[in-house]
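Enquirer: fold the following, please.
(chains A and B)
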Number of protein chains: 2
Amino acid sequence: MDWSKLFEKASMYSRVIDHYIMDQLSLSPERLSNASLHIFKAGGKRLRPLITLLTARMLGGVEAESRAIPLASAIEAAHTFSLIHDDIMDGDEMRRGVPTTHVVYGEDWAILAGDLLHALSYRMIADGRERGLDGEHVYRALKVLAEAAIMISRGQAYDMMFEKTWDVGVSDYLNMVRLKTGALLEAAARIGSIAAGSGPEVERLMGEFGNYAGIAFQIRDDILGIIGDPKVTGKPIYNDLKRGKKTLLVIYTVKEAGRQEVAELIGPGAGDGDVEKAAKIIVESGALEYAEAVARAYVGRARDVLNRIPTVDNEAREILDMMLEYIIKREK
Amino acid sequence: MDWSKLFEKASMYSRVIDHYIMDQLSLSPERLSNASLHIFKAGGKRLRPLITLLTARMLGGVEAESRAIPLASAIEAAHTFSLIHDDIMDGDEMRRGVPTTHVVYGEDWAILAGDLLHALSYRMIADGRERGLDGEHVYRALKVLAEAAIMISRGQAYDMMFEKTWDVGVSDYLNMVRLKTGALLEAAARIGSIAAGSGPEVERLMGEFGNYAGIAFQIRDDILGIIGDPKVTGKPIYNDLKRGKKTLLVIYTVKEAGRQEVAELIGPGAGDGDVEKAAKIIVESGALEYAEAVARAYVGRARDVLNRIPTVDNEAREILDMMLEYIIKREK
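Expert: Now for the predicted structure:
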């Protein structure tokens, strides 16, 4: 597939968003702003602000797109905050090809860097006011972001609890992922539609689009945790297995394909040989094909919703559609 | 002094605020909501929402006071978030007479509980809309809270950096405390005046009042770290000394009174005997009297500002004035 249209847009938006966020983070003490920028500067797809800006463009044209810049930056700042804190909780040591924030700066500074980014994301919502949003729209965007941040915390809590139990089915997984990953992609799309001045029904539909896309995104993440190339993904393989994460692949393998020996091979204390063996069984069990089918189904639902929404900019819709395909085919 | 008027008001407000916050925190998974409520339920003075509600009442009467309830709750939720995370960073194991959140639930859950409260505080700001604030006022309150949360992070960063250096003077200390503690009391007062529909000038003045009160509050905290009764304060004595915190007392003793031996007695690795010896020298040096005088000066400035503001409810002003006195005389 030729992704060039998607990548060109993403790279153009990235320059704007990165500039905006770095500008907000030029504050003292320098160590705090450096810690906050650490994994932000290491790269990343900037997928969430892409959704916000494309949604705004699609529903409200170039003016809405411009109004959405602080809001899209807020979404990326909130995402970065949650990555930094999740990496502490999950004990992850590499992300985007560099050591994680707590590895470089220590846990205390990583906690603080995440908190700062979390607070900054709300200030960026408020900044929407200066970009032409009225108070009412700022209020709506605020509510959407705060609700998403609450859901992200709840999702991460379930994710951590699931590490310690096998009483987790596919629907528990989907509920967890809807909170942990779906909520912020939902917020990204909703906030784009708020910037475009859309009514509540279009906002709700765009939210559905984002949530489905987010679930598909997370499932692809789970897949890359088993078959991804660390040089491409920027993080080590089999981390999820070592942690005992109940990914969709693991749940399928153990519960649907009946390969219960995987339960003994993963989790805290598992060696490299154990998780390699577990990964082999997961692949044999057909879990990859299953997870791909589920991810594809969610992308299909997102696409259906997208096609029902009246647009003023068809190119933006086309790129959002392409992004859906990218989400389930990406290698990083 | 007879504090009964202050305590009655505080206890009445507490019931409302506590109910509001607990209601927002009835969410799943239960372990997350329990961790978020842990030190909240252990007590606390609820000083910040008291400032918000008294300010709203003083400037706008009972209707403004009622409108301010979600905003006052937001301030207390933000305060609780920062306590939970600070306790991790500062390695504090007791607060309000109970083990801190990370001691009871583990660091991962304490990080998450703080994040949830942080997000909830912004949702509570948004909830102000349903209590009769318009979008414009929600926007102003949002901006104030986000700015305060940014300043709190910066203040905590300086506080941590100062632990490792003696290149800290009184003005560095005051700047750190203005951020770490002053910012949220400032936000509490500003948000009360926003709920009352006050203009920017009154909001600014109330902010000054809150900031000065916050600095005085922190200095009293430093004093209680040396002379406080753990049974009353709910936390062990000499924690600041063991940590190597550059409190106003320590800075005065070493830099102004020239008792440099204190520098060798405090900080990581200091034993109980060392910090006891240090505390004795601090008391001898006159640091307590110095710190009390500085705190009293800030309370005086706060009082001057308060007296310049036109009010519609003199009793509310009277209680705010009493609160200033309480801040520097309190034993917990």
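
Enquirer: show me the contacts for the residue of chain A most remote from its centre.
Expert: Distance from the C-alpha centroid of chain A peaks at A:Glu261, with 31.0 Å (C-alpha atoms, centre = their mean). Shown in contact with A:Glu261 (C-beta atoms under 8 Å, 6 or more residues apart in numbering or on different chains): A:Ile281. Quick note: C-beta positions are derived from backbone N, CA and C, even for glycine.

Enquirer: before we move on, what about A:Pro70?
Expert: A:20, A:124-125, A:127-128, A:130-131.

Enquirer: apply 10 Å and report the result again.
Expert: Residues near A:Pro70 by C-beta atoms under 10 Å, 6 or more residues apart in numbering or on different chains: A:17, A:20-21, A:24, A:121, A:123-131, A:133, A:138, A:141, A:195.

Enquirer: same question, A:Met206
Expert: A:51-52, A:55, A:58-59, A:186, A:188-194, A:196, A:198, A:305-306, A:309, A:320.

Enquirer: filter the residues you listed to the buried ones?
Expert: By neighbour count, with 16 or more other C-beta atoms under 10 Å in any protein chain shown, the contacts of A:Met206 hold A:51-52, A:55, A:58-59, A:186, A:188-194, A:196, A:198, A:305-306, A:309, A:320 as buried.

Enquirer: sorry, back to before: separation between the residue farthest from the centre of chain A and chain B?
Expert: 29 Å (C-beta to the nearest C-beta, to the nearest Å).

Enquirer: local confidence estimate at that residue?
Expert: Looking at A:Glu261, its pLDDT stands at 97.

Enquirer: where does pLDDT dip in the stretch 1-150 of chain A?
Expert: Nowhere does the stretch 1-150 of chain A drop to pLDDT under 70.

Enquirer: coming back round to it: restricted to strands, list the contacts of A:Met206.
Expert: Using DSSP state E, no member of those falls within strands.

Enquirer: sitting in helices, which of those do you find?
Expert: Among the contacts of A:Met206, the members found in helices (DSSP state H) are A:51-52, A:55, A:58-59, A:186, A:188-194, A:305-306, A:320.

Enquirer: tell me, which of these make contact with chain B?
Expert: For chain B, no contacts are drawn from these by C-beta under 10 Å from any C-beta of the partner chain.

Enquirer: surely A:Val202 is in contact with A:Leu59?
Expert: Yes. Contact criterion C-beta atoms under 10 Å: A:Val202 and A:Leu59 qualify, at 6.6 Å.

Enquirer: got any residues that touch both of the two?
Expert: With C-beta under 10 Å, 6+ apart as the test, A:Val202 and A:Leu59 both reach A:193-194, A:196, A:309-310.

Enquirer: can you tell me the closest non-neighbouring residue to A:Ile17?
Expert: Sequence neighbours aside, A:Pro49 is the residue nearest to A:Ile17 in space, at 4.7 Å (criterion: C-beta to C-beta, 6 or more residues apart in numbering or on different chains).

Enquirer: how close does that neighbour get to chain B?
Expert: From A:Pro49 across to chain B, the span is 19 Å (C-beta to the nearest C-beta).

Enquirer: where does that residue sit, in terms of helix or strand?
Expert: helix A:47-67 (DSSP states H and E).

Enquirer: following that helix, which helix or strand shows up next?
Expert: Following helix A:47-67 toward the C-terminus (DSSP H and E): helix A:69-90.

Enquirer: check contacts around A:Lys45.
Expert: A:Lys45 sits next to A:10, A:14, A:96, A:217, A:323, A:326-327, A:330, A:332 when contact means C-beta under 10 Å, 6+ apart.

Enquirer: which pair in the residues you listed spans the largest distance?
Expert: Maximum pairwise distance in the contacts of A:Lys45, criterion C-beta to C-beta, is 19.5 Å, between A:Arg96 and A:Met323.

Enquirer: the more surrounded of these two?
Expert: A:Met323 (23 against 18; other C-beta atoms under 10 Å in any protein chain shown).

Enquirer: neighbours of the residue nearest to A:Ile17, how many?
Expert: A:Pro49: 30 neighbours (other C-beta under 10 Å).

Enquirer: now A:Glu276
Expert: Applying other C-beta under 10 Å, I find that A:Glu276 has 14 neighbouring residues.

Enquirer: just the pLDDT for the nearest residue to it once chain neighbours are set aside.
Expert: Of all residues not flanking A:Glu276 in the chain, A:Tyr238 sits nearest, at 7.2 Å (C-beta to C-beta, 6+ apart). If you check A:Tyr238, the pLDDT there is 96.

Enquirer: who's in contact with A:Tyr238?
Expert: Contacts of A:Tyr238 (C-beta under 10 Å, 6+ apart): A:225-226, A:228, A:230, A:266, A:270, A:272, A:274-276, A:278-279.

Enquirer: at 8 Å what do you get?
Expert: Contacts of A:Tyr238 (C-beta under 8 Å, 6+ apart): A:225-226, A:272, A:275-276, A:278-279.

Enquirer: where does the stretch 201-332 of chain A have low pLDDT?
Expert: In the stretch 201-332 of chain A, no residues with pLDDT under 70.

Enquirer: by proximity to chain B, which residue of it wins?
Expert: A:Arg243 (11.9 Å; C-beta to the nearest C-beta).

Enquirer: my guess is that residue contacts A:Met89, does it?
Expert: No. Counting by C-beta atoms under 8 Å, A:Arg243 does not reach A:Met89; the two are 10.1 Å apart.

Enquirer: just to revisit the earlier point, who wins for most neighbours among the contacts of A:Tyr238?
Expert: Using other C-beta under 10 Å as the neighbour criterion, A:Ala278 leads the contacts of A:Tyr238 with 27 neighbours.

Enquirer: residue boundaries of the strands in chain A?
Expert: A:94-95, A:98-99.

Enquirer: right, and those strands - which one's nearest chain B?
Expert: Once the strands of chain A are compared by C-beta to the nearest C-beta, strand A:94-95 is nearest, at 16.8 Å.

Enquirer: what lies in contact with the closest one?
Expert: A:39, A:42, A:83, A:87, A:100, A:230, A:234-236.

Enquirer: can you check stretch A:101-117 too?
Expert: A:31-36, A:38-39, A:77-78, A:80-82, A:84-85, A:87-88, A:93, A:98, A:100, B:85, B:88-89, B:107, B:111, B:114-115, B:118, B:149-150, B:153-154, B:156-157, B:160.

Enquirer: give me the buried subset of those residues.
Expert: By neighbour count, with 16+ other C-beta under 10 Å, those hold A:31-36, A:38-39, A:77-78, A:80-82, A:84-85, A:87-88, A:98, A:100, B:85, B:88-89, B:111, B:114-115, B:118, B:149-150, B:153-154, B:156-157, B:160 as buried.
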